[in-house]
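Visitor: Just need the structure, nothing else, for what follows:
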Amino acid sequence: MDDLRTREACVACDAHDPLAPLRDQFALDAVDAEGLIYLDGNSLGVLPKATRDRVRQVVDEEWGTGLIRSWNDAGWVTLSQRIGDKIARLIGARAGEVIVADSTSVNLYKVLSAAIALVDSNSANAGAGGAGAAERKRKRNRIVSERTNFPSDLYIADGLARANGFELVLVDADEIAAHQDDRLAILLLTHVNYRTGRMHRMADVTRAAHAAGGVIVWDLAHSAGATPIELGEADFAIGCGYKYLNGGPGAPSFAWAHPRHTAWMDRVGWSQPLAGWFGHAAPFEFTTGYRPAAGMARFNCGTPPVLSLAALECGVDTLLAAERYGGLGALRTKSVVLGTLFVTLVQSRCAGYGLQLASPLDPDARGSQVSFAHREGGYAIMQALIARGVIGDFREPDLMRFGFTPLYTRYVDVWDAVDRLLQVLASGEWRDPRFATRAAVT
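Guide: Have a look, this model is predicted:
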């Protein structure tokens, strides 16, 4: 980072950044005019310029004029599959393997239910012909996850575990390997931890889980669109549409299953538990009996949210545009430099003010965010920083999170953000009581 130790050097680096044109895809004129620095793309991505016109087109032309004809004429009915195919290019999957529908929590419920059914099927096959099946089924009954995994994931997993005779076991990240034994049924992990930004080595963890006889489910909410992903031999995955995919607040989620599992589902006729009409093999036959659609289409449920899907497609397209500039590999390289620069500047310029790095120092073990803890005033410091125009966020009990989205974050943004953080700390302004007042969303 020696070559970026001054603001002038950061400005010069931005001027020669080959990825700089990608920033022009986003509606940042008003943000820049206010002098705001947005470092929260790990929570909500910035609005793409194309989204305004596209949503207006859907509302005014496709809905306003086309009316119900647009399900066919404008291709509304295939939006989930079309956008899924685009997301597949970002996560190391193939066309037809990803479906876009519902929220991350709902999709986790679906794929975790599929994982449980797969475990039961494997146990029954392993013990066919004797009492061994029941014995094995009782023994391999653990769903293992990180203690600091996103709470919604843990709530869903706990409910399904209790309903199906499994036990949810929560461990620290460093304890995962020790729990990959003959009791492991399912390993549920988020690729990049939402609190610390710690990133798992996906291929290695997947191999270890399979070697132990388990099924692995990945949550890609904090990595899809920010780092290259190769799902490879993983079993199931879900991900978020409104963080690095820039799909807008509450954007639909996506789900993936390895083709060997969708082939098994097709063979045995397995239905996901939320068997809605759009997951039916022929929804417009309007039959009373349910017959699941083939492949990933069975993970659809209700009517697709067309306005949200249209916005999400624009967000995904901002990432696909990076293919002209080296793709996700180039974005990842920039995000590593941005994050490392932030760590270096904070540790050198803000030393002595009680900040502790909560993210891995090794960039290969870190996603596209950096978290610092401040035991006394994490929340208040973040609010004071936001008041100075640097937008990050806070997670209990003491974590300040900073996201670095290489599509639109500049090197000078990092320098200026640290400069303003130093002002907040050195002045002590964060101790003003107004910064301690908790908002509903932190």
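Visitor: Which positions within the helix or strand hosting Leu108 qualify as buried?
Guide: Here Leu108 sits within helix 104-126, counting by DSSP states H and E. For helix 104-126, the neighbour count (16 or more other CB atoms under 10 Å) marks 104, 106-120, 122-123 as buried. The C-beta positions use only the backbone N, C-alpha and C, and glycine is treated the same way.
Visitor: Repeat that for stretch 58-68.
Guide: Buried, per 16+ other CB under 10 Å, within stretch 58-68: Val58, Glu62, Trp63, Gly66.
Visitor: And for stretch 392-405?
Guide: Across stretch 392-405, burial judged by 16+ other CB under 10 Å covers Gly392, Asp393, Phe394, Arg395, Asp398, Leu399, Met400, Arg401, Phe402, Gly403, Phe404, Thr405.
Visitor: who's in contact with the residue lying closest to the last one once chain neighbours are set aside?
Guide: Pointing back at Thr405 there. Using CB to CB, 6 or more residues apart in numbering and skipping residues adjacent in sequence, the residue nearest Thr405 is Gly41, 3.4 Å away. For Gly41, the contacting residues are Lys243, Tyr244, Asn246, Gly403, Phe404, Thr405, Tyr408, Thr409, by CB atoms under 8 Å, 6 or more residues apart in numbering.
Visitor: where in this protein is pLDDT low?
Guide: For the chain, the stretches flagged by pLDDT under 70 are 1-2, 126-138.
Visitor: Now for it: which strand has the highest residue count?
Guide: strand 184-190 (DSSP state E).
Visitor: any residues touching that one, and which ones?
Guide: For strand 184-190, contacts defined as CB under 8 Å, 6+ apart pick out 112, 115-116, 119, 140-146, 149-150, 153, 157, 166, 176, 180, 200, 205, 209, 212-222.
Visitor: Give the partner strands of that strand in its sheet and their orientations.
Guide: Sheet pairing for strand 184-190, assigned by DSSP bridges, gives strand 142-146 (parallel), strand 215-219 (parallel).
Visitor: Alpha carbons only: can I get the last one in CSV?
Guide: Right, the one you point to is strand 215-219. C-alpha atoms of strand 215-219 as CSV (Å, rounded to 0.1, in the frame of the first residue of the first chain):
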residue,chain,number,x,y,z
VAL,A,215,-24.6,-32.6,2.5
ILE,A,216,-23.5,-28.9,2.2
VAL,A,217,-25.7,-25.9,1.7
TRP,A,218,-24.0,-22.5,0.9
ASP,A,219,-25.5,-19.1,1.5
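Visitor: quick check, distance from the helix or strand that it is followed by to the centre of its chain.
Guide: Downstream of strand 215-219, the first helix or strand assigned by DSSP H and E is strand 236-239. Relative to the chain's own centre, strand 236-239 is displaced by 9 Å; criterion: CA atoms, centre = their mean, to the nearest Å.
Visitor: ok, and what's touching strand 236-239?
Guide: 87, 91, 104, 107-108, 111-112, 114-115, 215-221, 223-224, 231, 245, 253-258, 261.
Visitor: following it, which helix or strand comes up?
Guide: strand 254-257.
Visitor: Using neighbour counts, pick out the buried residues of whichever helix or strand comes after that following strand.
Guide: Downstream of strand 254-257, the first helix or strand assigned by DSSP H and E is helix 259-268. By 16+ other CB under 10 Å, the buried positions in helix 259-268 come out as His261, Thr262, Trp264, Met265.
Visitor: Any chance of TSV for those residues, columns distance to Phe26?
Guide: Output for the buried residues of helix 259-268, formatted as TSV (distance: CB to CB, whole Å):
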residue	distance to Phe26
His261	37
Thr262	35
Trp264	42
Met265	39
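Visitor: quick check, nearest of the residues you listed to Val414?
Guide: For those, the closest approach to Val414 (CB to CB) belongs to His261, at 41.5 Å.
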